[in-house]
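Participant: coords please:
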Amino acid sequence: MEQQAIVMEVSGDTARVRGARASACGHCAGQAACGTLGAWTRRFAEMDVHNRLGARVGDTVTIRIADGALLKVTAVLYGLPMLAFVIGGVTGQLLAAAVAAQGELWSVAGALLGVLLAWLWVMKRRPLQHLGKGEIIRVQQGQVIPLRPV
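Facilitator: Alright, predicted model coming up:
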């Protein structure tokens, strides 16, 4: 995946860049009435990348992140909570059967506990930081381009 970004800081061979988060919004005529979680609003993300090309603060750069790494992080952020929800619900149902209690309540409690534990794990591990550093592949020195998804 390639994305345009602006260099915010440089430290050795690492640069902190800021870029617009990509969106699924197609910018249709109904954009003003769209309520899809504000998908049409501009959101930004910052990350550290390898700076082997010597980009400086203020430079507009193109960064590359391995598609496989992005897919792994997506699986952890979305798949893990769903899996924890199902496993927690099934575990709650089995516990309810073991203690002869009402199964639905235990199932819901187990599912919510599973999601909570998955969320705590994700917050502790911070999978986005383990994405593997992207790298700067092009530098447009001193050229400021408005941030937009590529």
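Participant: from now on I want contacts and neighbour counts done on CA atoms only, so please keep to that.
Facilitator: OK.
Participant: and the next helix or strand past the helix or strand of the chain with the lowest mean pLDDT?
Facilitator: Taking mean pLDDT, DSSP states H and E as the measure, the chain has helix 67-74 as its least confident helix or strand, at a mean of 77. Using DSSP states H and E, the helix or strand that directly follows helix 67-74 along the chain is helix 80-99.
Participant: who touches that following helix?
Facilitator: 102-104, 106-115, 117-119 (Cα atoms under 8 Å, 6 or more residues apart in numbering).
Participant: longest strand in the chain, please.
Facilitator: With DSSP state E applied, the strand covering the greatest number of residues in the chain is identified as strand 2-11.
Participant: and the very next helix or strand once past that strand, what does it pack onto?
Facilitator: On the C-terminal side of strand 2-11, the closest following helix or strand by DSSP H and E is strand 14-20. Based on contacts counted as 3 or more Cα pairs under 8 Å, 6 or more residues apart in numbering; DSSP states H and E, the elements that strand 14-20 packs against are strand 2-11, strand 44-50.
Participant: put the alpha carbons of the longest one into CSV.
Facilitator: By that I understand strand 2-11. Below are the C-alpha coordinates for strand 2-11, written out as CSV (Å, rounded to 0.1, in the frame of the first residue of the first chain):
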residue,chain,number,x,y,z
GLU,A,2,1.3,3.4,-0.9
GLN,A,3,0.2,6.7,0.7
GLN,A,4,1.1,10.3,0.6
ALA,A,5,2.2,12.0,3.9
ILE,A,6,4.0,15.0,5.3
VAL,A,7,7.2,14.6,7.4
MET,A,8,6.5,16.0,10.9
GLU,A,9,9.8,15.0,12.7
VAL,A,10,13.1,13.4,11.7
SER,A,11,15.3,11.5,14.1
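Participant: what angle separates that strand from strand 44-50?
Facilitator: Calculated by axes from the mean of the first three to the mean of the last three Cα atoms, to 10 degrees, strand 2-11 forms an angle of 70 degrees with strand 44-50.
Participant: local confidence estimate at the residue of the chain positioned farthest from its centre?
Facilitator: Note on the chain: the largest separation between a C-alpha and the mean C-alpha position, by Cα atoms, centre = their mean, falls on A100 (41.5 Å). Predicted confidence (pLDDT) for A100: 82.
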